[in-house]
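1. okay, structure incoming, though there's no sequence with it:
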Ligand SMILES: NC(=O)C1=CN([C@@H]2O[C@H](COP(=O)(O)OP(=O)(O)OC[C@H]3O[C@@H](n4cnc5c(N)ncnc54)[C@H](O)[C@@H]3O)[C@@H](O)[C@H]2O)C=CC1
Ligand SMILES: CC(C)CC(=O)C(=O)O
Ligand SMILES: [Mg+2]
């Protein structure tokens, strides 16, 4: 069995707590001989800033570039509110996304049957929900220049962020959306705001052309992103794949998280282009949630988003489909048994912490792999 290089970047707040549960699963898979992972661990975010004054060290970026996959926890927190903007914890994550060229961020929102009662929405609206938000991840307003605060000299300042999208960036995310839709229910909903944004006009034009020229057998619809947010909450099952820009994707996926019961449930995969020589992609897997400073250190964080991100890693980076299916089925089984962290607690369920949830999923995973 080939050994695969995994870089673990636990980060800040609940990041290390959730990552610890994935590390145990990785160790278990190595011990059982179902995988051979060589893991390295490095600092990112506020913990990296504290250790060496930058949100990710150059040497650790090199390790990320050489890894077969990167697992990322979460970064940020009030402790680092006053560090220089370019070294704030989130800058480490943005650098990883940019330097690894991870333009496609897959954020699946799946409502596990046992959690149909954990959402604030009526069960019939979310039962059986399985949608995929595809967020463009290396362009748009998070990266566009100029990005600055200018002193206007009269006691006034001007904060500037710039939304920029080039044709090639929209083409490649559109292709990714249609290719993913082909493996699912064949429908893509593209969300932008072409009514008020030039980049939205171009986005709409390019997605329409890619559809017409390359994927006309699939269904494409366009929706203004604000109305899309409303539709996500009103009738989310109308969607299959939603493709959208960096900022709208960030917001829409946090909204979608609540359809599944909790932000602690939503995993993600950030993928680069396939290298034609090796057929491999650079990839980083991370939960959609942040460092959750309000619950960090209490041992109550839900590790499922992080564990399900590792299942996506098994599926997309290592083609370990059986193991990925088994891990996702293990999560479903544990939820079915009523084992719940506080964020998804329901009447009559058994309340557990991060470590107990991780242990229950590992035990169910063992059973699924043996079956
Ligand atoms: N990928 C990343 O590293 C991200 C980092 N952040 C950063 O995280 C910090 C905190 O941001 P917030 O706005 O509070 O967002 P957050 O996602 O950290 O937390 C929002 C709410 O969801 C809850 N929550 C999140 N994950 C949970 C989990 N696994 N289990 C149970 N409850 C969970 C939190 O307790 C909190 O009430 C900020 O510095 C922000 O920039 C935010 C989003 C993504
Ligand atoms: C850079 C991140 C903190 C932005 C974010 O909220 C996310 O990617 O989900
Ligand atoms: Mg976010």
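-> Thanks, I have it. What you are looking at is a predicted structure, and each value in this text was computed from that prediction instead of being measured. Ligands and ions are numbered 1, 2, ... in the order given.
2. need phi/psi at residue 269.
-> phi -130, psi 130 (degrees, to the nearest 10).
3. now the one 4 residues further on
-> Listed backbone geometry of residue 273 is phi -70, psi 150, with angles given as degrees, to the nearest 10.
4. just checking, it touches residue 281?
-> Yes. Residue 273 lies in contact with residue 281 (CB atoms under 8 Å); the separation is 6.7 Å. All C-beta spots, glycine's among them, are computed from the backbone N, C-alpha and C.
5. more neighbours, the two?
-> Set residue 273 next to residue 281 and count neighbours by other CB atoms under 10 Å: residue 281 wins out with 19 against 13.
6. how about that one, phi and psi?
-> Residue 281 adopts backbone torsions of phi -120, psi 150, taken as degrees, to the nearest 10.
7. pLDDT at the residue in the stretch 151-300 of the chain that ligand 1 sits nearest to, what is it?
-> Of all residues in the stretch 151-300 of the chain, residue 290 sits closest to ligand 1, at 2.4 Å by CB to the nearest ligand atom. Note for residue 290: predicted pLDDT of 97.
8. backbone phi and psi for the nearest residue to it once chain neighbours are set aside, please?
-> In space, and not counting its chain neighbours, residue 290 is closest to residue 74: 5.0 Å by CB to CB, 6 or more residues apart in numbering. Dihedral angles phi and psi of residue 74 (degrees, to the nearest 10) take the values phi -160, psi 160.
9. distance check, residue 74 against residue 263.
-> 11 Å (CB to CB, to the nearest Å).
10. and this structure, which of its residues are near ligand 2?
-> By CB under 6 Å from any ligand atom, the residues of the chain that approach ligand 2 are 90, 93-94, 250, 288.
11. now do the contacts for residue 48.
-> 42, 54-57, 60, 89, 92 (CB atoms under 8 Å, 6 or more residues apart in numbering).
12. try 10 Å
-> 9, 11-12, 42, 54-57, 60, 75, 87, 89, 91-92 (CB atoms under 10 Å, 6 or more residues apart in numbering).
13. just the element for it, please.
-> Following DSSP states H and E, one finds residue 48 within helix 46-52.
14. pull out the buried residues from that helix.
-> 46-49 (16 or more other CB atoms under 10 Å).
15. is any part of that helix close to ligand 1?
-> No. In terms of CB under 6 Å from any ligand atom, no part of helix 46-52 sits within range of ligand 1; the closest distance is 8.4 Å.
16. pLDDT value on the residue of the chain found nearest ligand 2, please?
-> Per CB to the nearest ligand atom, residue 90 is where the chain lies closest to ligand 2, at 4.2 Å. According to the prediction, residue 90 has pLDDT 98.
17. so it makes contact with residue 290?
-> Yes. At 8.8 Å, residue 90 counts as touching residue 290 under the criterion of CB atoms under 10 Å.
18. neighbour count for these two, which is higher?
-> Per other CB under 10 Å, whichever of residue 90 and residue 290 has more neighbours is residue 290, with 21 against 18.
19. for the more buried one, phi and psi?
-> Note on residue 290: backbone dihedrals following degrees, to the nearest 10 are phi -100, psi -160.
20. surely it meets residue 12?
-> Yes. Counting by CB under 10 Å, residue 290 touches residue 12, with 9.0 Å between them.
21. give me the common contacts of the two.
-> 73-77, 89.
22. quick one, phi psi at residue 219?
-> Dihedral angles (degrees, to the nearest 10) for residue 219: phi -90, psi 130.
23. who does it form a beta bridge with?
-> Beta-bridge partners of residue 219, counted by DSSP bridges, are residue 187.
24. that one contacts residue 211, doesn't it?
-> Yes. Here residue 219 lies in contact with residue 211, judged by CB under 10 Å, at a distance of 9.0 Å.
25. looking at these two, which one has more neighbours?
-> Shown here are residue 219 and residue 211; by other CB under 10 Å, residue 211 has more neighbours (21 against 14).
26. and the more buried one, what does it touch?
-> By CB under 10 Å, 6+ apart, the contact set of residue 211 is 174-175, 177-178, 188, 190, 217-220, 222.
27. between those, which sits nearest residue 239?
-> residue 188 (9.3 Å; CB to CB).
28. next, count neighbours for the closest one.
-> Every residue meeting other CB under 10 Å relative to residue 188 is counted, giving 27.
29. likewise for residue 228?
-> Neighbour count for residue 228, taken as other CB under 10 Å: 21.
30. equivalent analysis for residue 235, please.
-> Residue 235: 10 neighbours (other CB under 10 Å).
31. again, but for residue 166
-> Counted with other CB under 10 Å, residues neighbouring residue 166 total 11.
32. kindly report the same for residue 201.
-> Quick note: residue 201 (other CB under 10 Å) scores 14 neighbours.
33. secondary structure class for the closest residue to it other than its chain neighbours?
-> Computed as CB to CB, 6+ apart, the closest residue to residue 201 that is not its neighbour in sequence is residue 194, at 4.7 Å. Judged by DSSP: H, G, I helix; E, B strand; the rest coil, the three-state class of residue 194 is coil.
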